[in-house]
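Chemist: Pasting the sequence and the predicted coordinates here, then a few questions.
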Amino acid sequence: MRRLFPVTEQTAAQASGGPAGAPGGPADGVRPGGGAEGSGFLDREWSLAELALAYAYPESAGREAWLRANMVSTLDGAGQHDGRSQPISGAADMRIFGTLRGLADVVVVGAETVRQEGYRPVRERAEFAGARDAAGQAVVAAVAVVTASLDLDLSLPLFTSPLVPTLILTGAAAAPDRVAAAEKAGARVVVAGDGAGVDPARTVRALAGLGHTRLLTEGGPRLLGQFVAAGVLDELCLTVSPMLTAGNAQRIAGGPGVAVPRRFELVSLLEEAGFLFGRYRRS
């Protein structure tokens with residue numbers, strides 16, 4: 001990141017590297033909280049350790065579930081292009097993508113997104129190894145696939161070669177033969193609904209029951225919309241891409257609406273190469 005616009009006292013403290021001796025503080029010679037005199041931003045690239053500080057989960061997330069989403073949108077509201085998010089992303093967006101995965105216990109994703117984006121297991125990153133070990137986390141975040149049908153290619157690396165077993169979240173009415181096939185392939189099937197599909201609130205509780213309290217969802221739009229409608233989303237990390245696509249691409253969240261729009265507050269805002277990276281928490 002090249003600029004950080006502090007929004008809260010907490011974010012301003014993070015901009016200066018936090019308390020003395022905190023890992024990942026600014027390099028010597030960089031004035032905390034500013035580039036040019038009075039500019040209010042850091043005009044240099046941030047390290048992964050500094051990004052980890054800026055995007056740290058709240059302390060309570062070590063004890064109870066905290067669900068954050070990470071999504072990207074164009075200026076005209078498209079959450080994807082030709083069915084994928086990669087064309088509207090960028091290098092800085094991918095660094096934050098990797099950082100958020102490095103902080104999470106589990107990455108929750110819909111089956112259609114797994115198919116469209118070609119999901120692979122989360123890879124181990126040396127930069128996060130020490131912090132994950134200190135927090136009692138596994139070497140990498142598990143991937144949890146939300147699916148009613150269990151129509152998944154179980155020969156993909158996501159199921160055949162993850163560092164930690166992939167989870168499959170489904171309903172109690174899921175086809176027994178597909179559940180058996182998934183478990184035979186090495187996945188752990190978790191029931192989080194009474195019917196064919198999953199219940200968003202029950203999904204969060206089920207993952208917390210497995211010890212996964214730092215939750216990250218990467219969509220897709222239908223899954224995120226379900227979390228929003230159920231009122232269980234605590235935080236949104238939103239990348240605004242400086243692109244226009246027109247067309248009829250999905251927004252970042254779809255599906256059922258809410259009776260009254262839910263208010264989120266801006267925690268921090270970063271910028272690089274025209275991309276804006278906002279972090280919003282439920283008010």
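Modeler: On my side now, so go ahead. All figures in this text were calculated on a predicted structure; none of them were measured in a lab.

Chemist: which ones are touching Gly257?
Modeler: With contacts taken as CB atoms under 8 Å, 6 or more residues apart in numbering, Gly257 has the following neighbours: Ala229. For glycine as for every other residue, the C-beta is placed from the backbone atoms N, C-alpha and C.

Chemist: nearest spatial neighbour of Thr217, skipping sequence neighbours?
Modeler: Excluding its sequence neighbours, the residue lying closest to Thr217 (CB to CB, 6 or more residues apart in numbering) is Val108, at 4.3 Å.

Chemist: So in terms of bridging, what pairs with the one you found?
Modeler: Ala144, Thr217 (DSSP bridges).

Chemist: list the contacts for it?
Modeler: Leu67, Ala144, Val146, Leu169, Thr203, Leu207, Leu215, Leu216, Thr217, Glu218, Leu223.

Chemist: quick check, nearest of the residues you listed to Arg132?
Modeler: Leu216 (13.7 Å; CB to CB).

Chemist: Show me where this structure dips below the pLDDT cut-off.
Modeler: Low-confidence segments of the chain, defined by pLDDT under 70: 1-44.

Chemist: Confirm for me that Leu266 is in contact with Tyr280.
Modeler: Yes - counting by CB atoms under 8 Å, Leu266 touches Tyr280, with 5.7 Å between them.

Chemist: Pro162 contacts Arg123, correct?
Modeler: No - under the criterion of CB under 8 Å, Pro162 makes no contact with Arg123, lying 9.8 Å away.

Chemist: returning to what we had before: who has more neighbours out of Leu266 and Tyr280?
Modeler: Tyr280 (20 against 13; other CB atoms under 10 Å).

Chemist: Can you check the distance spanned by stretch 131-138, start to finish?
Modeler: 11 Å (CA to CA, to the nearest Å).

Chemist: What lies in contact with that stretch?
Modeler: Pro23, Ala52, Gly62, Gly102, Asp105, Val139, Val140, Leu163, Val164, Arg214.

Chemist: Give me the distance from stretch 221-232 to the chain's centre.
Modeler: 14 Å (CA atoms, centre = their mean, to the nearest Å).

Chemist: part of a strand, is Val72?
Modeler: Yes - counting by DSSP: H, G, I helix; E, B strand; the rest coil, Val72 is found in a strand.

Chemist: so what's it up against?
Modeler: Gly79, Ser85, Ile88, Ser89, Asp93, Leu238, Thr239, Val240, Ser241, Ile252.

Chemist: Tabulate those (TSV), appending distance to Arg132 and secondary structure.
Modeler: What follows is these, written out as TSV (distance: CB to CB, whole Å; DSSP: H, G, I helix; E, B strand; the rest coil):
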residue	distance to Arg132	secondary structure
Gly79	29	coil
Ser85	25	coil
Ile88	30	helix
Ser89	25	coil
Asp93	22	helix
Leu238	25	strand
Thr239	24	strand
Val240	29	strand
Ser241	29	strand
Ile252	28	coil
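
Chemist: which of the residues you listed are buried?
Modeler: Gly79, Ser85, Ile88, Ser89, Asp93, Leu238, Thr239, Val240, Ser241, Ile252 (16 or more other CB atoms under 10 Å).
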